[in-house]
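Undergrad: just a sequence and a predicted model for now, questions to come.
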Amino acid sequence: VQLVESGGGLVQTGESLRLSCEVSGSIFSQYAMGWFRQYSGQEREFVATITWNGRTTYYADTFKGRFTISRDNAKNTVYLQIDSLKPEDTAVYYCAARASYSSTSYYTDDQDYEFWGQGTQVTVSS
């Protein structure tokens, strides 16, 4: 299973970005998906997760409001919309996949996920 993130880049404070993560090599709709963020030199932190059918989403408290996770199973892609970007959003963002057909269970620990992308850098200038 391969996960490839895209959509990162250099933006200014207040702008928006939509990160994408395309999955190949397996049936995308059998996976719950998650997004994590990692500051340089620190551990990854959970951002958001979405069930295989998009019915349930869950966000860490820090990310409620400006971050929106969504998925398009027809395109094998999960998205992370980030609005009103701040300099403290500067980090590498990773997507991750875990096989799960639950419509209600959600996964917030990086140990819960089986597959990871390479990450996409988001840099927000002040």
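TA: On my side now, so go ahead.

Undergrad: so residue 105 touches residue 51, yeah?
TA: Yes: with contact defined as Cβ atoms under 8 Å, residue 105 and residue 51 form a contacting pair (7.3 Å). Heads up, the C-betas are built off the backbone N, CA and C, glycines and all.

Undergrad: so which of these two has more stuff around it?
TA: Each of residue 105 and residue 51 has its neighbours counted (other Cβ atoms under 10 Å); residue 51 has more, 21 against 14.

Undergrad: can you report phi and psi for the more buried one?
TA: Dihedral angles of residue 51 (phi, psi; degrees, to the nearest 10) stand at phi -70, psi 170.

Undergrad: over to residue 29?
TA: Main-chain dihedrals, residue 29, degrees, to the nearest 10: phi -70, psi 0.

Undergrad: in the chain, which residue is most central in space?
TA: Central residue of the chain (Cα atoms, centre = their mean): residue 35, 2.5 Å from the mean position.

Undergrad: doesn't that residue lie inside a strand?
TA: Yes: applying DSSP: H, G, I helix; E, B strand; the rest coil, one finds residue 35 inside a strand.

Undergrad: ok, it to residue 126 distance?
TA: Per Cβ to Cβ, to the nearest Å, residue 35 is found 23 Å from residue 126.

Undergrad: can you check residue 54 too?
TA: Distance from residue 54 to residue 126, by Cβ to Cβ: 34 Å.

Undergrad: quick one: which of these two has more around it?
TA: Each of residue 54 and residue 126 has its neighbours counted (other Cβ under 10 Å); residue 54 has more, 16 against 8.

Undergrad: bridged to residue 21, which residues?
TA: Beta-bridge pairing for residue 21 (DSSP bridges): residue 5, residue 78.

Undergrad: residues near residue 16, how many?
TA: Residues lying near residue 16 (other Cβ under 10 Å) number 11.

Undergrad: ok, it - contacts?
TA: Neighbouring residues of residue 16 by Cβ atoms under 8 Å, 6 or more residues apart in numbering: 81-85.
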